[in-house]
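Asks: no sequence on this one, just coordinates:
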């Protein structure tokens, strides 16, 4: 009987070990210091999170081909939220972690043209084709939103709102978590909804699995 | 000209637009249909939204995982008609660039229970309207899709359309079954542990917990599954705040399309017991572990050499090598050819299995050996080899590459191939588990394991070929070799006996007799061939009619399926009979009281009740005294007939205990039973 047991053990051990190695997604904790990062923007300029100390920063993960992103841009909801952020002096960084060859990947000039066409009010459009910052923030969907307060603390992460659909008509009845949090920060209050479930397409990171 | 071309292009575009709108349709084709178009008033009818994803596309489970969204359903129903929540089949995992998706990659269906109010006149029309939204994705892109569906039901007698009923039964079988007992969870040191009560006797090769509750575990993180007695535990990386959850719901998948839906509440969980393969994902290097498993497979193959069906072939081959004398090169060539034969057959068998797996069949070694026809083929092959060893006929005259006693690389190759092939029946029963594990590996790794087995099997002979010292230790050839060959036919005949026994278990006495008859016909043919060979003539033609007869017998072999699930549970002290609605009706027609219980191998509550309350001599005596009949339904494999019956009693799973008194509505007994409760029934 040793033989079958040995074989079984061998194969089971192999099965146990040969599973897919999950790339390192490092989650950012709400209420803790947000990790610093440095990326090129669409015109090739280096943008660092740390340079915005003293200002509220909104991060938005973006993929122009994703229907959930389309929902919020075609309806003007995202631009409206960006304008509200700009009005209170907040910085808005749109980040594209799409890998070259995958849906939504853009070069700098393409990103600039798109931002102009859609009337984006973002401070900068950042390119993260290797997905380093995306994985560092465990950005999973497009859109996926983060808010960092003037002290550099992450105060919100999650979805843009609480209606996880791709339909524009659902925007009217939804709670825009980012707009609400920005309002609370402006009023000097604590953010009431600190986390929510992000929804949308998966971020098109490089690699297959 | 340019103008003409321009007009032509415009013209083409005008026509292309509607064509594209039609062609684009949706990537998941959805259809709404009812199990019965004429449901009875006051009854419950099942609707299905059947989903057919185009190749490479997938739809999402209720909890989509890291990204995506689950479907949404909006019903427009006549007054009084109520739709239950949509039910989801057990999903699959799809990991894309480190993000986990819980999806359906093949055809699937959402089932919805529709309650028809009582008091509606037959013929009342019930227009049913559904607006559904779902997300269709490939690995690269996502498309939100939606559909409006309208069907009309007419209140009637509740007849099921037979063709549709079978389809609904298949969809029902894909739904997770309620576990029936409560699970527990605990968050410790960043890990969430889930304890699921599951009888130790329930066979589980791999398991994965699909959480329905968001925020409990990291979806892409590996899960470690352990079994310890009647408890299965799952451990995975917890999400922040998981410890504050009041309950975690989800589906524990314990096989292909086999899942148990459960709800876990906070409680202490000790993760003890043996780690279950498959979903336990170690972080060690791929290459290192592959080497280890290859080594173990090699060792396993080496040990195969002493199996009664392989050993005789090997020993004869070794002796023939010794006979070859001192020719180094010939010995090496022969050893290499033998090794090639063994390894190639092992890898080929592995490739066939992997191919079947890729084709979507639940194939494994054990699965094949459950087919009595395969057993019969092996029985005849082993009998032929045994008769050859016993000296009834010689293979040497067959120029098919030398055969058993042939020499030269060609002969050695075929001996190797034969040895590997013959090894399968000996090892089949226990290799099943191991090969099942190989099935979950990537194809290349799985093939490497098969190659390792082959190499191990060939190793002794390879050593003999390359180490002359070993060869010198072999005894000198002589007349004793013939005697040894005769003796070695005994283990071969024993193997045949074992196969005949398996055949008898699978195909009954008739099947076994047919198998033995085929072996007899074959034996007579070989005997005749042997006689002619002794006279210096060839007689292989005699084999043709014998093989034809054997083939006919193989095809005609009765295939009694492995004992049906319900029969397994039946019997016992209560003399329970397998459940069927007709049997129940017949017993009630006789005016007898009937106790009906439904159970499943994975249901711990059921097993505890059976041990503690049902299968007791006092219960048996009480039932016997009052002539109470007992029926048992086994839902382990999700028998849809039983599923429907359970559903019609307002339950969604096992355990379910019913007591029928003559002329009365059935009484549903509590889920926790005592012998007293049961004996009190028999009055």
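Replies: In hand now; what should we look at? All of these numbers come straight from a predicted model, not from anything done at the bench.

Asks: where does the stretch 301-450 of chain B dip in pLDDT?
Replies: For the stretch 301-450 of chain B, the stretches flagged by pLDDT under 70 are B:306-310, B:313, B:316-317, B:319-326, B:353, B:356-371, B:395-410, B:421-443.

Asks: Let's see that with 50 instead.
Replies: Residues of the stretch 301-450 of chain B that meet the criterion pLDDT under 50 lie in B:360-368, B:397-406, B:428-433.

Asks: got it, and chain A?
Replies: A:1-23, A:209.

Asks: again, only using 80
Replies: A:1-27, A:207-209 (pLDDT under 80).

Asks: Can you list the residue ranges for helices in it?
Replies: A:2-17, A:67-74, A:77-87, A:108-118, A:132-136, A:177-186 (DSSP state H).

Asks: Can you check which of the ones you listed gets nearest to residue B:660?
Replies: Nearest to residue B:660 among the helices of chain A is helix A:2-17 (46.1 Å), distances taken as Cβ to Cβ. From N, CA and C alone the C-beta is placed, and that goes for glycine too.

Asks: Quick check: the residue of chain B nearest chain A.
Replies: residue B:296 (2.5 Å; Cβ to the nearest Cβ).

Asks: is it true that residue A:81 touches residue A:180?
Replies: No - between residue A:81 and residue A:180 there is no contact under Cβ atoms under 8 Å: 10.3 Å.

Asks: Have a look at those two and say which one is more surrounded.
Replies: Taking other Cβ atoms under 10 Å in any protein chain shown, residue A:81 and residue A:180 do not tie; residue A:81 has more neighbours (23 against 15).

Asks: got the contact list for that one?
Replies: A:160, A:176, A:178, A:179, A:182 (Cβ atoms under 8 Å, 6 or more residues apart in numbering or on different chains).

Asks: Now do the residue nearest to residue B:633 when sequence neighbours are not counted, the pLDDT please.
Replies: Distance criterion Cβ to Cβ, 6 or more residues apart in numbering or on different chains; nearest residue to residue B:633, sequence neighbours excluded, is residue B:579 at 3.5 Å. Note for residue B:579: predicted pLDDT of 91.

Asks: Quick one: residues contacting residue B:58.
Replies: With Cβ under 8 Å, 6+ apart, residue B:58 has these contacts: B:94, B:101, B:103, B:104, B:105, B:136, B:137, B:138.

Asks: residue contacts, the fifth one?
Replies: For residue B:105, the contacting residues are B:53, B:58, B:92, B:94, by Cβ under 8 Å, 6+ apart.

Asks: Repeat that for the first one.
Replies: For residue B:94, the contacting residues are B:58, B:100, B:101, B:102, B:103, B:105, B:139, taking Cβ under 8 Å, 6+ apart as the criterion.

Asks: Tell me which of these fall in strands.
Replies: Secondary structure from DSSP state E places B:100, B:101, B:102, B:103 of these in strands.

Asks: Which SSE is immediately downstream of the helix or strand where residue B:509 lies?
Replies: Using DSSP states H and E, residue B:509 sits within helix B:480-534. Of the helices and strands lying after helix B:480-534 in sequence (DSSP H and E), the nearest is helix B:543-556.

Asks: what angle separates that following helix from helix B:480-534?
Replies: 100 degrees (axes from the mean of the first three to the mean of the last three Cα atoms, to 10 degrees).

Asks: what does helix B:543-556 contact?
Replies: B:373, B:376-377, B:380, B:514-515, B:517-518, B:521-522, B:524-526, B:529.

Asks: hmm, which of the residues you listed are the buried ones?
Replies: B:373, B:376, B:377, B:380, B:514, B:515, B:518, B:521, B:522, B:525, B:526, B:529 (16 or more other Cβ atoms under 10 Å in any protein chain shown).

Asks: The last one touches residue B:384, doesn't it?
Replies: No - no contact is recorded between residue B:529 and residue B:384 when judged using Cβ under 8 Å, the distance being 10.7 Å.

Asks: circling back to that earlier point, buried subset of the contacts of residue B:58, written for PyMOL?
Replies: Per 16+ other Cβ under 10 Å, the buried members of the contacts of residue B:58 correspond to this PyMOL selection:
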select buried, chain B and resi 94+101+103+104+136+137+138
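
Asks: Between the contacts of residue B:58, which sits nearest residue B:586?
Replies: residue B:104 (40.9 Å).

Asks: what ranges do the strands span in chain A?
Replies: Under DSSP E, chain A gives strands at A:38-41, A:46-48, A:57-61, A:91-96, A:124-127, A:141-142, A:145-148, A:154-158, A:201-202.

Asks: Packing partners of the first one?
Replies: When you say that, I think you mean strand A:38-41. strand A:46-48, strand A:124-127 (3 or more Cβ pairs under 8 Å, 6 or more residues apart in numbering or on different chains; DSSP states H and E).

Asks: which residues are contacting the longest one?
Replies: Just to be clear, that refers to strand A:124-127. Residues outside strand A:124-127 that contact it (Cβ under 8 Å, 6+ apart) are A:39-42, A:45, A:47, A:62, A:93-96, A:106-108, A:111-112, A:115, A:133.
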